[in-house]
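Undergrad: structure, please.
(2 chains)
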Amino acid sequence: MSTNPLIKIEDLHTFFYSKAKQAFIRAVDGISMEVPRGKTLGIVGESGSGKSITMMSVLGLISAGPGVIRGKVIYDNGRIKKNLLQGLDDFVDLQEHDGTIMQVDKDLYGWQQHSEQLMKNIRGNEISIIFQNPKAAFNPFTVIGEQIAEMVLLHTRINDPVAAKAKALYWLERVKMDAPEVRYYNYPGALSGGMAQRAMVAMALASEPALLIADEPTTGLDATIQAKVLQLLAEIKADLGITIMIISHDIGVISSLSDYVAVMYGGTVLEYGSAKDVLSTAYEKKHPYAKALLASIPGLENIEKNGARLKAIKGEVLDTIRVVEGCKFASRCDCMTDSVKHKCNTQQPPLEDIGGGHKIRCWLYQ
Amino acid sequence: MKVSAIKPITFVLVKEIGMTVLLLFGVSIIAFLIILASPGDPFAQLYGGLSGSEAERKALYESLGIPTTWYGQYFSWLGNVLQGDLGNSIRSGRPVLAEVVSAGINTLYLTLGALIVTLAVAAPIAIYTAIRDNTRLTISFNLFAYMISAIPVFWLGYLGIYLSTHLFGFFPLGLGSSDSGNIAKFLLPIFILGMGSGLISEVVRHMREQVSRVMNEEYIRTARAKGAAVWKHAFKEGFLIPVTEIMAIKMPFIIGGAIIIEQVFNWPGMGRMAWQAAQDRDFPVILGITLAAAILVRLSSLLHKIVFVSVNPRASHL
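TA: Below you'll find the model as predicted:
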């Protein structure tokens, strides 16, 4: 078995065009990251940092233009190795000026057709997704059991509807759905949020994928249900040895599952490393944004440090329409020293390895 | 029996049929009053034409056993209708029910056929323009839909007759004519009504709206993420419901168009019959046709309700 990462994203750019502002929204602005086989990568960042768009870009699920305009997504499970964005740049005509993209002409339909072709046998089959808001993510016109069975029929060797139903029931049981026989015939509208998310997990696993992407899997659920869903994901990870990409704005969710963590801000990765290093306050070498994120979590440790007041990050999330000359976090950064200040405001720092695979995009560590 | 044990479909059926009965009652009263208010009397010839006096009229009515007050006439008619007797045509003397049913079936062929033509043209345009926005083809498709809908149906009908007689050498006649076996002649009126009823642009707009809305639903994204066929998931909400919806709403419109087309092509349907009956002041026939048209409209709405309830679990379950 090769030791290549299961999925490797290189220099991914996903833009949208805002008609109102006559400018590009730089939703994903040059992201590179990788997910090692059998491990879990957590992607954390504030809302609007481009986490979900990254995931949707990887799977070619963005339907609005311009969408994905550049980058590579290399999927390698040992048997199949391919770039999921291979040849798509033929449909995109970029006009650049001084390294920034000024204009994008894209044949959206041609792009989508080609993407569908590339994604054949990948989407659903190799990569499954759990969406946030599971009740809306299920087809409201079909019972959930049939939607799970559809996944079995599409992507496993089972061709017989009766066997597919049995398999769907097996997965419902596997995700600890109570009374799976009854739930099989429930429409999504009849399920609670927690049950629907369990069913969603069952559907995602029903194709026995190599990679599971969980996009904000616990957002919108009660705290107790959240804990149960996370516990379920942890069990699945342990039992099936599946590779997981989990996306959340909640550091608690990320820390409970992740082996590696990427911290995103303004469409870029500011820090990437093992969960233990990135998320522990004890580890000193940290991007100022990651540091600020950790300090903003309510919890005993932070109360002892900061008193009863929570420490919020000053300012607002970066307006991704603006082209930032320097570091994207510069306007909100507390750690800027005089020696790097000029650089921070004029030049974007590279994502540099500071040792042991821990990468930080900050001039303080260059 | 608990209320929840009644199937929603039964509930819909009972409610719709009840509504229909009330509606037919209302329609019959209004139609009756309109006929009464319009000038002319079918028996005028029997008592000295329009110059005949009120006393002569009353005497004649009494000798024929016809109630002299309007409500008397209405209720005697209604009483017969409830027993399944719509009376006899004053013009032909044949029972109205049989005449209306046979004409109604012909109209049904025409309207349903036209509906299929409309959908066959409009649905692909709607779906194509919903999925692909602003290509040269979508613009020309839209232009076509609007232009064809702006053409008056009678003009299109005469154009069709002109072309078929001059180019193909036959005069298109409707059903019931001696050579109705000739499929081309039979289909021309259906085709003309389907294209010209003005519905194409409306169906295109409604369906395009619905299809593009459904394509942006989260569950369609899930279907794509599953690698499943998107159309399978979008079919019910994006196609079935909008189609029956527009059909139910536009049924009166199509029947209106059918009246004109039946005139133009001499199609022996309800429209032509109504036209004839109005000119002859053939009251029983006018009333019978009015009721039949109302029933057709209600049937299409009932069909829509049944489809909606049976495909939509939010209406039929929970």
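Undergrad: for chain A, which segments count as strands?
TA: Secondary structure of chain A by DSSP state E: the strands cover A:7-18, A:23-35, A:40-44, A:66-76, A:81-83, A:92-97, A:100-106, A:127-130, A:211-215, A:243-248, A:260-265, A:268-274, A:352-353, A:359-360.
Undergrad: where does pLDDT dip in the chain?
TA: No chain was given, so I picked chain A. A:1-2, A:99, A:300-303, A:305-308 (pLDDT under 70).
Undergrad: hm, I was asking about chain B
TA: With pLDDT under 70 as the threshold, chain B has low-confidence stretches at B:1-6, B:42, B:44-52, B:170-185, B:316-318.
Undergrad: for chain A, what's its nearest residue on it.
TA: Closest residue of chain B to chain A, C-beta to the nearest C-beta: residue B:227 (3.2 Å). For every residue, glycine as well, the C-beta is placed using N, CA and C.
Undergrad: give me the number of residues near residue 278?
TA: Since you didn't name a chain, this refers to chain A. 29 (other C-beta atoms under 10 Å in any protein chain shown).
Undergrad: try again with chain B
TA: Count around residue B:278 with other C-beta under 10 Å applied: 15.
Undergrad: and what of residue B:79?
TA: Using other C-beta under 10 Å: residue B:79 sits among 10 other residues.
Undergrad: repeat that for residue A:230.
TA: Residue A:230: 21 surrounding residues under other C-beta under 10 Å.
Undergrad: residues of the stretch 151-300 of chain A that sit close to chain B?
TA: A:151, A:154-155, A:187, A:189-190, A:203, A:207 (C-beta under 8 Å from any C-beta of the partner chain).
Undergrad: out of the residues you listed, which end up buried?
TA: A:151, A:154-155, A:187, A:190, A:203, A:207 (16 or more other C-beta atoms under 10 Å in any protein chain shown).
Undergrad: just the ones of the residues you listed in helices?
TA: Among those, DSSP state H puts A:151, A:154-155, A:203 in helices.
Undergrad: reformat those residues as CSV; add distance to residue A:169.
TA: Output for those, formatted as CSV (distance: C-beta to C-beta, whole Å):
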residue, distance to residue A:169
A:151, 13
A:154, 17
A:155, 17
A:203, 13
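Undergrad: closest to residue B:102 out of these?
TA: residue A:154 (51.6 Å; C-beta to C-beta).
Undergrad: correct me if wrong: that closest one contacts residue A:208.
TA: No - between residue A:154 and residue A:208 there is no contact under C-beta atoms under 8 Å: 11.7 Å.
Undergrad: how about the residue in the stretch 1-150 of chain A that chain B sits nearest to, phi and psi?
TA: Nearest residue of the stretch 1-150 of chain A to chain B (C-beta to the nearest C-beta) works out as residue A:124 at 3.2 Å. Dihedral pair for residue A:124: phi 80, psi -50, per degrees, to the nearest 10.
Undergrad: ok, and the closest non-adjacent residue to it?
TA: residue B:227 (3.2 Å; C-beta to C-beta, 6 or more residues apart in numbering or on different chains).
Undergrad: my guess is that neighbour contacts residue A:116, does it?
TA: No - using C-beta under 8 Å as the test, residue B:227 is too far from residue A:116 to be in contact (9.6 Å).
Undergrad: looking at the two, which has the bigger crowd around it?
TA: Higher neighbour count among residue B:227 and residue A:116: residue B:227, with 22 against 14, using other C-beta under 10 Å.
Undergrad: enumerate every residue touching the residue nearest to residue A:242 when sequence neighbours are not counted.
TA: Excluding the flanking residues, the one nearest residue A:242 by C-beta to C-beta, 6+ apart is residue A:212, at 5.4 Å. Neighbouring residues of residue A:212 by C-beta atoms under 8 Å, 6 or more residues apart in numbering or on different chains: A:127-130, A:204-205, A:236, A:242-245.
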